[in-house]
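**Student:** Mind folding the following:
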Amino acid sequence: MSGSGRIRVLVVEEPRFLGGMIGGVLASAPDIEVVGSAADGREAVDAVAALAPDVVAMDVKLLRPDGLLAVERIMKERPTPILVVSACGRRESAVAIRALELGAVDCVATSLPVLPGQILARVRAVAGVRPIPGLA
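**Tutor:** From the prediction side, this is the model:
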């Protein structure tokens, strides 16, 4: 956490998919600071290296590289707690489970209606978790 005691979060979501929903929810909390955002896997890996967030809140349905490859690279290059934020369909659930196998530490579903309190609670919980490098 930063010197201010706030949880520093990098938000990774494809803008066309969630339209900034995750970032908006997180920015509304006084104990959370959104330190950056990324729209694809490559940007996510670069942003984690540059910003050293406490938590990455990430939709794993990404491009360039896909979200799973981004999770794998983050966990190898700069292990950071990752909260997977994903829809609940069968395919999305399988991808979220694979992200957990690669080292993400938790998952929250974005089925409508999305409950902001659930996302905030999960980010706060994940902030205290130290990932295990190379878990996969």
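
**Student:** ok, what's across the strand from the residue nearest to residue 6 when sequence neighbours are not counted?
**Tutor:** In space, and not counting its chain neighbours, residue 6 is closest to residue 33: 4.4 Å by Cβ to Cβ, 6 or more residues apart in numbering. Heads up, the C-betas are built off the backbone N, CA and C, glycines and all. Beta-bridge partners for residue 33, by DSSP bridges, are residue 8.

**Student:** got a list of what residue 33 touches?
**Tutor:** Shown in contact with residue 33 (Cβ atoms under 8 Å, 6 or more residues apart in numbering): 2, 4, 6-9.

**Student:** For it, give its distance to residue 103.
**Tutor:** 23 Å (Cβ to Cβ, to the nearest Å).

**Student:** okay, the contacts of residue 33 in TSV with distance to residue 98 and pLDDT next?
**Tutor:** Shown next, in TSV, are those (distance: Cβ to Cβ, whole Å; pLDDT from 0 to 100):
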residue	distance to residue 98	pLDDT
2	31	55
4	35	71
6	31	91
7	25	95
8	26	97
9	22	96
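
**Student:** which two from those end up farthest apart in space?
**Tutor:** 4 and 9 (13.4 Å; Cβ to Cβ).

**Student:** Show me which of the two is the more surrounded one.
**Tutor:** residue 9 (28 against 9; other Cβ atoms under 10 Å).

**Student:** Not counting residues beside it along the chain, what's closest to that one?
**Tutor:** residue 55 (4.9 Å).

**Student:** The one you found: what's it in contact with?
**Tutor:** Residue 55 neighbours (Cβ under 8 Å, 6+ apart): 7-10, 80-83, 123, 126-127.

**Student:** Highest neighbour count among these?
**Tutor:** residue 82 (32 neighbours).

**Student:** how much space between it and residue 21?
**Tutor:** 18 Å.

**Student:** immediately after the helix or strand of the chain with the lowest mean pLDDT, which helix or strand?
**Tutor:** Each helix and strand of the chain was given a mean pLDDT (mean pLDDT, DSSP states H and E); the minimum falls on helix 15-18 at a mean of 56. From helix 15-18 onward toward the C-terminus, using DSSP states H and E, the following helix or strand is helix 21-27.
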